[in-house]
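Enquirer: Here is my input, please return the structure:
(one chain, ligands or ions: 1)
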Amino acid sequence: MMAGGQAWLRCGADFPGDARSELLVKLDHAGIAVDLSDGVPVGPGVVLFGEPTSDLHDFLRLLRLRQDVRTIAVSARGVDVECAWALLRAGAEDVLAWDACEEPSSMLAARLLRWLEIDALLAGPEVRQRLRGHSRHLLAVLRAAVEVAKFSDTPVLITGGTGTGKELLARLIHDLDPRQPKRRFVVCDCTTIVPELSGSEFFGHERGAFTGAIHAREGAIAQAEGGTLFLDEIGELPLRLQAELLRVVQEGTYKRVGSNQWLHTNFRLICATHRDLITEREEGRFREDLYYRIAGCVLRMPALDERREDIPSLVNTFLEEAMGSAAVIPLDAAVHDYLVARHYPGNVRELRQLVMYMAHRYVPPGPITLGTLPDTEAAGALVGLGEWPDEDWERAVRMALAHGCSLAALRSAVAETAYRIVLAEEDGDTGRSARRLKVSQRAVQQYLHGHGDAMADLGNERSL
Ligand SMILES: Nc1ncnc2c1ncn2[C@@H]1O[C@H](COP(=O)(O)OP(=O)(O)OP(=O)(O)O)[C@@H](O)[C@H]1O
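Expert: A predicted model of the protein is given here:
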């Protein structure tokens, strides 16, 4: 028996018992321990159902809120396409019909084993010590990155704003690449490419190829042979060089500038850009054929504002880095709340610089207090408050009113959203959430209780 790990299984009363038993035997043979309890699922798992009821959809929606859960929904009989899409939208990662598959239990075991392998890598130091954060958005990207690194050599396109960690992610994909022996990770910044040198940075050149080419030189493509070529800011590459790069990616051949000899090459290509290449393509600034060659797998690094729950652990990481100690220095509650709520146009890089500055101003002992923040931050905080509620807020309220929403329903929708956001950002800690929401801890617990009940009910096989 091979070591597989643990998965969960929930089974509706209308799913055939013999199929369920067959699956349990298969998972056992694959080395997967199965959690059949009524508790809240953790990790990868399977929900077996006869009819796609609204309870099933609610169950999937609740699971989707948990970043560590991935679900395959399996119907006893064929599901129509519309129903399959609805289940995917609700939160399932895959939908199968038991009676339409040749070996459904083998398929499920193989998929769960793959997910368990990815989760084990995600939890390992190679990933966790480099890219900090545990938000749903970040974990989804990391999972996809681990999968493409380990199980394919597809070209990867990483998109996202400045400072979101695109280069960090590219290096991770290179390091997880199982190809042996390990070759180089070569970075080529497309903003620094000089078109007049005909891409000599990429292709290399022969001696005398252009004025100033005193010696022959290897380009980035030759240096990346057998390894990874990381083309940063690919959206800035001039159109003429895009055509030359296309041939390299398509045919695996290139010529050094000033040479007639075709050379063969083989490397993993990872590109990054802060631009929207689809718009660039539509507006004629980026070649469509090149886009499809480089975008085998597109990974979007989320902005820090989309994953505020990662801010406390990033702050700790940067404080440790700045102070050279593993001891966690407590943040004053006001500093914590300010850092979590602040807007970060420069994303993680901006947060890192801010924390580095605070570490340098901090005088121990005791927590880090508001006075440690740069003076410019206080001015920014006031501007932020003055601008709220803003146009987006008004538009949302107007829409809700236009749909006939009552004031009571609006109030409860706002409260519901605020509870959800703060609980996610505070990792479910009711004390900290209560403090931020300025309500009693009991109120937060009651909110959770209402939702927890739904989760427990839906986790119960009798209710499916
Ligand atoms: N998840 C993370 N955990 C720890 N540090 C991070 C994380 N994401 C980004 N950083 C840090 O933020 C900084 C910017 O990261 P990186 O250079 O990878 O971003 P980028 O998206 O490539 O930026 P740019 O587009 O401006 O080149 C680096 O100091 C990096 O270490």
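
Enquirer: so who does residue 232 touch?
Expert: 166-167, 187-191, 271-272 (Cβ atoms under 8 Å, 6 or more residues apart in numbering). Glycine gets a C-beta too; all of them are placed from N, C-alpha and C.

Enquirer: Neighbour-wise, which one of these leads?
Expert: Counting by other Cβ atoms under 10 Å, residue 271 has the largest number of neighbours within these, with 30 neighbours.

Enquirer: What strand or helix carries that one?
Expert: strand 268-273 (DSSP states H and E).

Enquirer: The residue in the stretch 201-350 of the chain that the ligand sits nearest to: how many residues sit nearby?
Expert: Distance from the ligand to each residue of the stretch 201-350 of the chain (Cβ to the nearest ligand atom) is smallest for residue 348, at 3.5 Å. Neighbours of residue 348 under the rule other Cβ under 10 Å: 26.

Enquirer: Residue 336 too?
Expert: Counted with other Cβ under 10 Å, residue 336 comes out at 20.

Enquirer: how near is the residue lying closest to it once chain neighbours are set aside to residue 306?
Expert: Spatially, and ignoring its direct neighbours in sequence, residue 336 is nearest to residue 312 (6.9 Å; Cβ to Cβ, 6 or more residues apart in numbering). According to Cβ to Cβ, to the nearest Å, residue 312 stands 16 Å off from residue 306.

Enquirer: try residue 375
Expert: From residue 375 to residue 306 the distance is 28 Å (Cβ to Cβ).

Enquirer: higher neighbour count, residue 312 and residue 306?
Expert: Set side by side, residue 312 and residue 306 show more neighbours around residue 312, with 18 against 15, by other Cβ under 10 Å.

Enquirer: In terms of helices and strands, where is the residue in the stretch 351-464 of the chain that the ligand sits nearest to?
Expert: Residue of the stretch 351-464 of the chain nearest the ligand, by Cβ to the nearest ligand atom: residue 352 (5.3 Å). Element membership of residue 352 [criterion: DSSP H and E] is helix 347-361.

Enquirer: and that helix, how far out from the chain's middle?
Expert: 23 Å (Cα atoms, centre = their mean, to the nearest Å).

Enquirer: And that helix, what's buried?
Expert: 347-348, 350-352, 354-355, 358-359 (16 or more other Cβ atoms under 10 Å).

Enquirer: got those residues as JSON lines, with pLDDT columns?
Expert: Below are those laid out as JSON lines (pLDDT from 0 to 100):
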{"residue": "347", "pLDDT": "95"}
{"residue": "348", "pLDDT": "96"}
{"residue": "350", "pLDDT": "95"}
{"residue": "351", "pLDDT": "96"}
{"residue": "352", "pLDDT": "96"}
{"residue": "354", "pLDDT": "94"}
{"residue": "355", "pLDDT": "93"}
{"residue": "358", "pLDDT": "91"}
{"residue": "359", "pLDDT": "88"}
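
Enquirer: can you tell me which two in those residues are farthest apart?
Expert: 347 and 359 (19.0 Å; Cβ to Cβ).

Enquirer: Contact residues of the stretch 151-300 of the chain facing the ligand?
Expert: Counting by Cβ under 6 Å from any ligand atom, the stretch 151-300 of the chain comes close to the ligand at 160, 162-168, 274.

Enquirer: which among the residues you listed end up buried?
Expert: Applying 16+ other Cβ under 10 Å to those flags 160, 163-167, 274 as buried.
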